[in-house]
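> Compute the structure for the input listed below.
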Amino acid sequence: MSEIGTYIGIDVSKSYLDVYAPSLGAFRVEYTDGGLEELVERLSHLEIALVVMEATGKMESVCAAFLANSGMPVAVINPRRVRDFACASGRLAKTDKIDAEVIALFGGSMKPEPRKIRNEDEQRFDELLTRRRQVIGMTTTEKNRLGTTRDRKLHRRIIAHIKWLEHELSDVNREMSDAIEASPVWRVKDALLRSVPGIGETTSRVLIAELPELGELTRKEIASLVGVAPMNRDSGALRGRRTISGGRPAVRTALYMAALSASRYNPDLRSFYQRLVAAGKPKKVALTATMRKLIVMLNAVVARGTCWQPECP
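Numbering: from 1, shown residues only. This next block holds a predicted model:
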């Protein structure tokens, strides 16, 4: 018998997928191509409202893309939300089967929005960006290690590794540039983003890979998605300090560096930042507000499809 509006929960691990469906109960399949095909086959007779899974360091991306390509709506959610939901409902025990059931219950109760699943090109570009961050991190580590190494032979090996990493970084950068040039959509988006003073090549790539929703949401939605929307902390007569949290850390990190540059070289954002500082705002608060204004500005530029124009005379 089919179920109308069934919410499916999937707990993702490296080797297995633990699945819970109300009519099928809990079951496990291997996290392989054959296991994914078996999963689709077992779920094919259900009227699925949503398949819900947690974000697990991009380990869930293959499963999410496979199910989405099979015509199933998929939502990938923050694991913290599921854990808080489990604690609030009194489900303190934790196993893979229990997690799958809790994820399904979370989906039925909270009804998260289906996520836009990246296509193959978008996933590859995101992997290149991740690789770039890894290579830069390893290069920094090796350079720090170089300063504390006294053994000459080991010193030469570290230098050789740094040169290899620099060559690898050059190759990754070239592949990312080629990917943007090969895509008409990305090429136009890159030009629009880099028309805004403060946005360079690296920030543009991060936004293309990590924030595909840019230009499709409202100003409040995009600020909240990135994690630069101030959150209230009020209770009774207490008026707490507004803070930012959540969002997408990689985007927020890139946006922070871009806001530093934009607060000096972008006429609109420079006057905005200076006005906040002159009003007595701490510089970090003013810079955070500049980050929010910058992402709203970028969202508008992409949505309109026209290059940035200064507002200030």
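> hey, let's count contacts and neighbours off CA atoms from now on
OK.
> and Tyr7, what element?
Element membership for Tyr7, per DSSP states H and E: strand 6-12.
> Mind listing the strands that strand pairs with, and their directions?
According to DSSP bridges, strand 6-12 forms sheet pairs with strand 16-21 (antiparallel), strand 48-54 (parallel).
> Which strands and helices lie in contact with the helix or strand that the shortest one is followed by?
Just to be clear, that refers to strand 16-21. Sequence-wise, the next helix or strand downstream of strand 16-21 (DSSP H and E) is strand 25-30. Based on contacts counted as 3 or more C-alpha pairs under 8 Å, 6 or more residues apart in numbering; DSSP states H and E, the elements that strand 25-30 packs against are strand 16-21, helix 33-43, helix 96-110.
> residues of the helix or strand that the longest one is followed by that come out buried?
Going back to what we said before, that points to helix 96-110. Following helix 96-110 in sequence order, the next helix or strand is helix 120-146 (DSSP H and E). By neighbour count on 16 or more other C-alpha atoms under 10 Å, the buried set for helix 120-146 is Glu122, Gln123, Phe125, Asp126, Leu128, Leu129, Arg131, Arg132, Val135, Thr139, Glu142, Leu146.
> closest to Tyr31 among the residues you listed?
Gln123 (18.3 Å; C-alpha to C-alpha).
> What distance do you get for that closest one to Ile208?
11 Å (C-alpha to C-alpha, to the nearest Å).
> try Ser23
Look at Ser23 and Ile208: by C-alpha to C-alpha, they are 40 Å apart.
> any idea how this protein splits into domains?
According to automatic domain parsing, the chain comprises the domains 6-110, 120-182, 206-304.
> Tabulate the ones you listed (TSV), appending distance to Gly200 and mean pLDDT.
Formatted as TSV, the domains of the chain follow (distance: least, C-alpha to C-alpha, whole Å; pLDDT from 0 to 100):
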stretch	distance to Gly200	mean pLDDT
domain 6-110	26	91
domain 120-182	13	93
domain 206-304	8	88
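> what's the neighbour count on the nearest residue to Leu211 once chain neighbours are set aside?
Excluding its sequence neighbours, the residue lying closest to Leu211 (C-alpha to C-alpha, 6 or more residues apart in numbering) is Val251, at 7.4 Å. Using other C-alpha atoms under 10 Å, Val251 has 20 neighbouring residues.
> I'm done for today, thanks for sticking with me.
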